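Only the shape, not the letters, is given here:
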């Protein structure tokens, strides 16, 4: 009972301080990551001493890193990689290598050994995905050419984590790290493990998710998603390989599946919570007395890190034909250290490459550089931005880059989606019917599995960047309250709704939908027109009859809305009629 009480007490303190500092730092415009780090330092052993055993909490929190790598893998569809290959594997690779070597040289000047300098310099080449991407999203710059280049660098940095972990492990001076099998056996085990995970994804995981999808059990879907990530990481850990690599492969092998958005939406809350706990544990492990003994060194190295990375990325941007203003802004934006630096420093410490004091000092350097990011981001807003690229030439940095989300791919949604696609408008399709998804795949249509009435799933599918959200669902699944929530979450998207009949239309009174199309009305009017045409009625008379019917119908709707206490409701819901062409 004492251990349980201690765990609950520690959890309450960590969550309480984390919540308070994150709210404060967000209010100050400094971001959540810095808030978690400072909260951890405050409750840690060197200040208030309210919570101990940071190492154990770090072990649990590292699951957040595993989940982050899984989500990164989910974003890596082969088609997307191919379209962005030059920027990801060109701009990203050159940035990591050039910045890593430049910073290694600076660390060498501080009288560290070559191995220690490399173990410290390479991780400092990485920037903070957890800081940069949300800031680009909130500023509306993620889908600009500037934002795509920043994302390409971050994506390659995430991919480079596994080889960087391998490099640090290869330099290890810890005898325990060299007591294992020869390198060629490890290489074969790695290849076999990767092949096994890919086969498992193909022949076990996809059928499993299809079975759960048929049951419409969201809890089981969450359970299966977490099992996939943890089991993949555990297999790699059992073989003495990188758990991050296992999670990454698990994400990649499901990236092109219909369950991608559902998995992202279900795993994201766990990833966010555990990543926050990770930063809290990092803050607790900062050796503040060691930092206090050498404050000038920490400040000078943080300044050197920012200036070096900004300068190198600026030159690389110019080499990739960026305008100097955008190259300079990119350098400033990516100049901070990243969260994976803490992971690599811990591994370097375990490998006897650096002392614990050095890990704490350079962790503080990363923390200080992160604190500058919001201010540097504000500075980049003053630099003129390139126009947003239109059209479908690029995939969006985080989502599919769709201009429209179509929720429901039944007989109604298929017609809507296919007409949009015919005009080369990027569309993301969402449905919960597994059989429909499989049939659509046979005809070349990519439909994602998920409940499109969930805000978290819509967000993962790209609703924040979409221009249109079209609800084409059967029955009465769409309510006015739901549309209010969707509009509040995604105010830039125009909302269109299919209403099956008059009763469904009346239920949506007062909703923020721009258009509500009553399916039964449109079908009935078209049949009436065809009937009148077959009876040789003049086309002018047919138009007049239709107009008269629609006017009377609108009067009836107005009366019904009036009885529902809604002012001018008949003017807020517009029924678009389908007119025959010439």
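All right, it came through fine. A quick note: this is a predicted structure, and the numbers were derived from the prediction, not measured.

Would you map the strands across this protein?
Ranges of strands in the chain, per DSSP state E, are 404-407, 427-431, 447-449, 468-471, 494-499, 515-518.

Residue 170 is nearest to which of the ones you listed?
Closest approach to residue 170 among the strands of the chain is made by strand 447-449 (40.1 Å; C-beta to C-beta). For the C-beta atoms, the positions are set from N, CA and C on the backbone; glycine is no exception.

Tell me which strands that closest one pairs with, and in which orientation.
strand 427-431 (parallel) (DSSP bridges).

Show me the shaky parts of the stretch 451-582 of the chain.
Counting by pLDDT under 70, the stretch 451-582 of the chain contains low-confidence ranges at 560-582.

where along it do the helices fall?
455-460, 480-489, 502-507, 519-534, 539-563 (DSSP state H, counting those that start in this stretch).

Among the ones you listed, which comes closest to residue 148?
Comparing the helices of the stretch 451-582 of the chain by C-beta to C-beta, helix 455-460 comes nearest, at 18.9 Å.

which outside residues touch that closest one?
If you take C-beta atoms under 8 Å, 6 or more residues apart in numbering as the criterion, helix 455-460 is touched by 261-262, 264-265, 268-269, 399, 405, 407, 430, 450-452, 469, 485-486, 489-490.

Drop anything exposed from those residues.
261-262, 264-265, 268, 399, 405, 407, 430, 450-452, 469, 486, 490 (16 or more other C-beta atoms under 10 Å).

Give me the residue ranges of the stretch 51-200 of the chain where confidence is low.
54-55, 58-59, 61, 76-81, 134, 137-140, 142-143, 174-187.

again, 50 this time
Low-confidence segments of the stretch 51-200 of the chain (pLDDT under 50): none present.

could you dump the strands of the chain to a markdown table with distance to residue 213?
What follows is the strands of the chain, written out as a markdown table (distance: least, C-beta to C-beta, whole Å):
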| stretch | distance to residue 213 |
| --- | --- |
| strand 404-407 | 16 |
| strand 427-431 | 10 |
| strand 447-449 | 5 |
| strand 468-471 | 20 |
| strand 494-499 | 23 |
| strand 515-518 | 28 |
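
Residue 234: which of the ones you listed is closest?
So among the strands of the chain, strand 447-449 is nearest, using C-beta to C-beta, at 25.6 Å.

where's that closest one relative to the chain centroid, distance-wise?
Chain-centre distance of strand 447-449: 17 Å, with C-alpha atoms, centre = their mean, to the nearest Å.

before we move on, what about stretch 245-263?
13 Å.

Just the mean pLDDT for it, thanks.
The average of the pLDDT scores along stretch 245-263 is 79.

check contacts around the closest residue to residue 448 other than its chain neighbours.
Once flanking residues are discounted, residue 448 sits nearest to residue 261: 4.7 Å by C-beta to C-beta, 6 or more residues apart in numbering. Counting by C-beta under 8 Å, 6+ apart, residue 261 touches 428, 430, 448, 449, 450, 457, 460, 461.

Tell me how far the closest residue to the second one other than its chain neighbours lies from residue 277.
This means residue 430. Among residues not flanking residue 430 along the chain, residue 452 sits closest, at 4.2 Å (C-beta to C-beta, 6+ apart). Residue 452 sits 31 Å away from residue 277, taking C-beta to C-beta, to the nearest Å as the criterion.

One more: residue 548?
Relative to residue 277, and taking C-beta to C-beta, residue 548 is found at 66 Å.

and if you look at residue 372?
From residue 372 to residue 277 the distance is 24 Å (C-beta to C-beta).

In terms of neighbours, single out the busier of those two.
Using other C-beta atoms under 10 Å, the more surrounded residue of residue 372 and residue 277 is residue 277, with 23 against 19.

Now do the contacts for residue 66.
Listed by C-beta under 8 Å, 6+ apart, the contact set of residue 66 reads 229, 230, 233, 243, 244, 246, 247.

Turn the helices of the stretch 451-582 of the chain into CSV, including distance to residue 361.
Shown next, in CSV, are the helices of the stretch 451-582 of the chain (distance: least, C-beta to C-beta, whole Å):
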stretch, distance to residue 361
helix 455-460, 38
helix 480-489, 42
helix 502-507, 62
helix 519-534, 66
helix 539-563, 68
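
which of those is buried the deepest?
helix 455-460 (a mean of 21; mean count of other C-beta atoms under 10 Å).

where's the closest residue to residue 214 other than its chain neighbours relative to residue 448, distance?
Using C-beta to C-beta, 6+ apart and skipping residues adjacent in sequence, the residue nearest residue 214 is residue 434, 5.0 Å away. As judged by C-beta to C-beta, residue 434 and residue 448 stand 12 Å apart.

Just want to know which of those two has more residues nearby.
residue 448 (24 against 20).

unless I'm mixing things up, that one is touching residue 428, no?
Yes. The criterion here is C-beta atoms under 8 Å, and residue 448 meets it with residue 428 at 6.8 Å.

so what's in contact with those two at the same time?
Shared contacts of residue 448 and residue 428, counting by C-beta under 8 Å, 6+ apart, come down to 261, 461.

coming back round to it: show the contacting residues for the residue nearest to residue 214.
210, 213, 214, 449.

Select only the buried ones of those in PyMOL?
Buried residues within the contacts of residue 434, by 16+ other C-beta under 10 Å, are selected in PyMOL with:
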select buried, resi 210+213+449
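
Closest one of the contacts of residue 434 to residue 114?
residue 449 (50.8 Å).

Please name the residues that touch that closest one.
Taking C-beta under 8 Å, 6+ apart as the test, what residue 449 contacts is 209, 213, 258, 259, 261, 262, 430, 431, 432, 434, 437.

try 7 Å
Residues in contact with residue 449 (C-beta atoms under 7 Å, 6 or more residues apart in numbering) are 213, 258, 259, 262, 432, 434, 437.

So what pairs up with it in the strands?
Under the criterion used (DSSP bridges), residue 449 bridges to residue 431.

For it, give its distance to residue 75.
17 Å.

Then residue 540?
Residue 540 is 56 Å from residue 75, by C-beta to C-beta.

One more: residue 203?
From residue 203 to residue 75 the distance is 23 Å (C-beta to C-beta).

Pull the number of nearby residues for the nearest residue in space to residue 10 that is not next to it in sequence.
With sequence-adjacent residues excluded and distances taken as C-beta to C-beta, 6+ apart, residue 10 is closest to residue 51, at 4.9 Å. Residues lying near residue 51 (other C-beta under 10 Å) number 23.

quick one: contacts for residue 51?
10, 13, 14, 43, 44, 284.

who touches the third one in this structure?
The neighbours of residue 14, taking C-beta under 7 Å, 6+ apart as the test, are 43, 51, 280.

rewinding a little: quick one, which of the strands of the chain is nearest to residue 306?
Closest among these, once you apply C-beta to C-beta, is strand 427-431, at 37.8 Å.

Check the offset of the closest one from the chain's centre.
Per C-alpha atoms, centre = their mean, the centroid offset for strand 427-431 relative to its chain is 17 Å.

cool, and stretch 203-216?
For stretch 203-216, the distance to the chain centre is 23 Å (C-alpha atoms, centre = their mean).
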